[in-house]
Structure formats: C-alpha cells, structure tokens
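1. model this:
(one chain, ligands or ions: 2)
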Amino acid sequence: MFVGSGFPTPTGGDLSGAWEQIQAALRKSIRREQFETWFRRAGLRSFGPEGVHIVVQNGFAADWLRSNYMNALEQATRAVFGQGWPIVIDIDPELSAQARPRSPDEPAAPMPVAAPATNGVHQRAPREPRGNAPESGLLWSSDVALNPHYRFDNFVVGPCNRFAYAAAVGVSESPGKSYNPFFLHGSVGLGKTHLLQSLCYSLLERDPQTRILYLSCETFINHFISALENGDLQKFRNKYRNVDVLVVDDIHLLANKERTQEEFFHTFNTLYNASKQIVLSSDSPPKEIPTLQDRLVSRFKWGLVTEIEKPCYETRMAILKRKSRERGKELPDSVAQLVAEHIDSNIRELEGAVNRLLGYASLNNLDVTPDLARHVLRDIFVSPKGQPSMDDVLRLITSHFQLKVTELQSRRRTKAIAHPRQIGMYLARTITRHSLEEIGGFFGGRDHTTVLYAVEQIEKQMKSDDRFRASVQGLLSQLRR
Ligand code: ADP
Ligand code: MG
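-> Numbering: from 1, shown residues only. Ligands and ions are numbered 1, 2, ... in the order given. Below is the predicted model:
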C-alpha cells in the first residue's frame, strides 16, 4: 500500500511530473527488470476522475499490463492522486516512443514499429494484434524500435560483410526456405543489428502481412521470467510461437540462463518444424557462447552461420564517406584517411567520429581539416592514460597467458584458466571503473560474488608471494602505459 507514502500530489495537467511519481511508486512494488521491461517506455496520456490513461507502444505490451499489472498500477496511482481512479491502458506507438529516454549513442529517434514507412509505398495505419491471434502484417514486439536508418540500401558492403549481407538479403527473399536458422555473429558495432532490422523491413516490403517478431534476447528473457512468475506460460508460448519470422538480437545473452534456454529450445523447434524463419545474432559463434546447451548449439548450426568481420581500410573509408554524405557533407580524403587509420574495429565509433567532427565544424563554422579532426577527436588519437578498457584487460590476459577470450569466459575451472581469469578480474577491479557485476559480465556472465572472491584471492596471494606480486604489478603497469 502506498497510502500516505509522501508523494506530493501533482498539479492538474502536469503529465510528466505525475508519470514520474507513478513510476517511482511502481518501482517500489515490482522488480527492477519488470519495471524496465514494461514501464520505462510507457507514458501517461491524461489523468482525472474519468480515468488514468497509460499508453504503451503495442498490443502485446497492453495485454501484458492488463493481465499482470493492474493491481500494481491501481496502487501506484492511488498513492499519487489520492483517489482510486480507473486505469485505462491505451496503445500509442508515438507517445510511448517519446516517453522512452534515448541513450546518448543511439542514432536518430527510432521509428516505433507498427506499419513500416516503406518509401511511401505501403503507408498503412498502425494496427495492433489482439490477444493470441495477432492480426497479420504487423511487426509486434515489446521493444519495438526498428530504426528507419537500418536499411539494406544504406549498408556499406565490403569484403568483411559481403557474405553476411548477401545471406540477409537471401533470407528476406525467401524466409523459412534458404537458410534456417540464419545465425549472424561478430563483435560489437559491426552492423549485426543493422542487418537484422534491414531484413525485417525488406520482408515487410515484400509482404506487409508477414508476422515478424523482432526483439532483443533480453526481452525474451524478461518476458519469460514474468510469464513464469505470473503462471502465464501458455499465453507466452502462444505469442512467441505464432509468428512467421522470429528475429532475436544478441542471442549470446542466453549464456547461463538455463531455463530460458530450455524454453527457447522449444520455441525454436515449434517454429522450425512449421518452416518458420528464425534469425539470430550473437557476439560469438554458437559453440563459443558460454554454457549454451549442446542441443541449441547444434540447432543454431543447422542453417547458415556467418560471421561479420572487422571492416578493412577501404570499407572504413567508404563508411566514413557515406555517413558524412548522409549528413549532407563531403569529408575530405585526407580527413577520412586519418580517421580510418585510427578507428579500425568498430563501425559505431566511425559513425560517432563523423557526427562529432561535422557537428563541431558546423557549430563553429570551421572547415573540416586534418588538424580540426586531430583536435576534435583527440581522445581517439591519443589513448587516455590510466583509463584502460575491459578490452585492454582481456587482451593483456589472453596474450600473456596464451589463452582465448572464450576460454576466460567459459565455465572451465582448470587452474591454467581459472587463475588467469582471477588475475583478469583483479586487474579489471583495480584499474577500470566497472562494477563487480559488470566485470563478472565480461568474464562469461559470472556473479559479482565470484569477482569479489577472485579479487580477494589475488590480493592474498600478492601479500604472501613476492614474485607473484611483482608479476601482477608488471601487468598493471603495462595497462597504465
Ligand atoms: P552491432 O549490432 O553489430 O553491435 P550495429 O548494427 O548496431 O552493430 O551497428 C553499429 C552502427 O554502425 C549502426 O549505426 C549501423 O548503422 C552502423 N553500421 C554498421 N555496419 C555498417 C555498414 N556496413 N554500413 C553502414 N553503417 C553500418
Ligand atoms: Mg546489436
């Protein structure tokens, strides 16, 4: 109960203030993951004695709220308004998209998924699925943010991604037939999400009736947990298994989630047996996803597994040119060369560099020259001292101990792996700003207590063993260099 909880009553019409207070009250009564999944992107349209109108982005979310969170909402709104006004859940892709805070590195405002704007060809009014029988032709999911810029036409193709691109186009031309599942892997920032979303748009351009469920693996996990908690598994299964195409981004997040893996296995089988297309992306190939059940590993390899690699110099140049042209500017060759030489492993960073550089130049009315680039992008040209990244730590440990990152992240506990892993955790704790949880995440999704334990073990050993201390300090100073 929130009665007398001390929330000040919002003044009439102060929608965002009222919504913040309702959110604060909800946070107290439901778990954080549930809040993040269901309420952070929702919004408040209006409130008064006739009803408190909450908006969410699609029918799926609306259904879920109606079946699972009406009590929590009633309590929260009563606490804020001091009255038991009726709760009404409405669907409004635009409003809830605005309600969603944008992370700083996210590109332009993402288009809420409903009807895709397909170059003005099919401009259908958004329709929403109802209950367990989604109307066809809709992309429905809970994290509904297809980015309108993620299209095949603005994906720069080079030797590093040509095959992945061709395969994605192939899947969009004959879903469920040519490559099923389609498993795309590669490190972060290389265009996996871009290709997955392009594939969705392209499928809808060909056949607007295709029922596509596009979501991040995290959302699948969160929905599954909520369904378990609420005893709603049947409903969950109907929703997930009743689609033509299932696209799950970042499937490696299934690592260490045994029950969700089990559930995903059955989802996979049902869809696969019905010749429905499954598309997955991951930061590593199936067999290197820590703790992924063998039967999932083997299924993920049934279709086409393809890697998207780091872009070569020419592709980086092409991407820089393309991105600046999209912003209405030509990047001089000398500047593009300079940037392409310094950023070699992440397309998101290339894009960020173009945005910063052109933004700075236009704001200050300056020409884009190599000198300006050196000034604006100085953090890229000079690596910041004393602030090594997790990547630096992993790179150092793997090269020093002749191990693979996947070994560090695996469950294996042989001393030859476990000890370097503990040293890595100690280095990360000492030299980066990451929390114990985050460090655990980088080492194969380990618990924060495991990291804490590792740090303590290494400290203990450093106290008792001079040679060991010297070698760990040697590693630390290499990182600080
Ligand atoms: P990932 O999902 O692999 O981490 P993203 O798909 O989010 O990477 O890509 C990061 C950014 O780089 C996005 O803004 C995307 O549009 C852009 N990008 C990646 N690859 C390309 C490419 N080949 N051509 C144009 N833009 C690209
Ligand atoms: Mg991605």
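
2. what's the local residue count around the residue in the stretch 151-300 of the chain positioned nearest to ligand 1?
-> Taking C-beta to the nearest ligand atom as the measure, the point where the stretch 151-300 of the chain comes nearest ligand 1 is residue 191, at 2.6 Å. The way it works is simple: take the backbone N, C-alpha and C, and place the C-beta from them, glycine included. Residue 191 is flanked by 25 other residues according to other C-beta atoms under 10 Å.

3. distance of it relative to residue 152?
-> According to C-beta to C-beta, to the nearest Å, residue 191 stands 11 Å off from residue 152.

4. what sits against residue 15?
-> Residue 15 sits next to 44, 45, 46, 47 when contact means C-beta atoms under 8 Å, 6 or more residues apart in numbering.

5. make CSV from those residues and add neighbour count and secondary structure to it.
-> Shown next, in CSV, are the contacts of residue 15 (neighbours: other C-beta atoms under 10 Å; DSSP: H, G, I helix; E, B strand; the rest coil):
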residue, neighbour count, secondary structure
44, 22, strand
45, 17, strand
46, 15, strand
47, 25, coil
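
6. one step back: my read is that the residue of the stretch 151-300 of the chain closest to ligand 1 contacts residue 308, right?
-> Yes: when contacts are counted by C-beta atoms under 8 Å, residue 191 is listed as touching residue 308 (5.9 Å).

7. give me the common contacts of the two.
-> 161, 164.

8. excluding residues flanking it in the chain, which one is nearest residue 432?
-> Leaving aside its chain neighbours, residue 432 sits nearest to residue 390 (6.0 Å; criterion: C-beta to C-beta, 6 or more residues apart in numbering).

9. tell me who's in contact with the one you found.
-> Residue 390 sits next to 428, 432, 434, 438, 439, 442 when contact means C-beta under 8 Å, 6+ apart.

10. any chance of a markdown table for those residues, columns secondary structure?
-> What follows is the contacts of residue 390, written out as a markdown table (DSSP: H, G, I helix; E, B strand; the rest coil):
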| residue | secondary structure |
| --- | --- |
| 428 | helix |
| 432 | coil |
| 434 | coil |
| 438 | helix |
| 439 | helix |
| 442 | helix |
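
11. quick one: whatever residue of the stretch 301-450 of the chain ends up closest to ligand 2 from ligand 1, how far?
-> When scored by C-beta to the ion, the stretch 301-450 of the chain has residue 348 as its residue closest to ligand 2, at 9.0 Å. Between residue 348 and ligand 1 the distance is 4 Å, computed by C-beta to the nearest ligand atom, to the nearest Å.

12. quick one: average pLDDT of the helix or strand containing that residue?
-> Using DSSP states H and E, residue 348 sits within helix 347-363. Mean pLDDT, computed over helix 347-363, is 93.

13. contacts made by the helix or strand just after it with the rest, please.
-> For helix 347-363, the following helix or strand on the C-terminal side (DSSP H and E) is helix 370-376. The contact list for helix 370-376 (C-beta under 8 Å, 6+ apart) reads 334, 335, 338, 339, 356, 357, 360, 361, 366, 381.

14. which of these has the most neighbours?
-> Among the contacts of helix 370-376, residue 335 has the most neighbours (other C-beta under 10 Å), with 25 neighbours.

15. can you count the residues close to residue 188?
-> Residue 188 has 13 nearby residues by other C-beta under 10 Å.

16. swap that for residue 349, sorry
-> Neighbours of residue 349 using other C-beta under 10 Å come to 17.

17. list the contacts for it?
-> Contacts of residue 349 (C-beta under 8 Å, 6+ apart): 189, 343, 380.

18. the second one contacts residue 353, correct?
-> Read that as residue 343. Yes: contact criterion C-beta under 8 Å: residue 343 and residue 353 qualify, at 6.1 Å.

19. joint contacts of those two?
-> Contact criterion C-beta under 8 Å, 6+ apart; residues shared by residue 343 and residue 353: residue 380.

20. name the helix or strand for residue 459, please.
-> helix 448-464.

21. and that helix, what does it pack against?
-> Judged by 3 or more C-beta pairs under 8 Å, 6 or more residues apart in numbering; DSSP states H and E, helix 448-464 is in contact with helix 415-431, helix 436-442, helix 466-480.

22. this completes my enquiry, with thanks.
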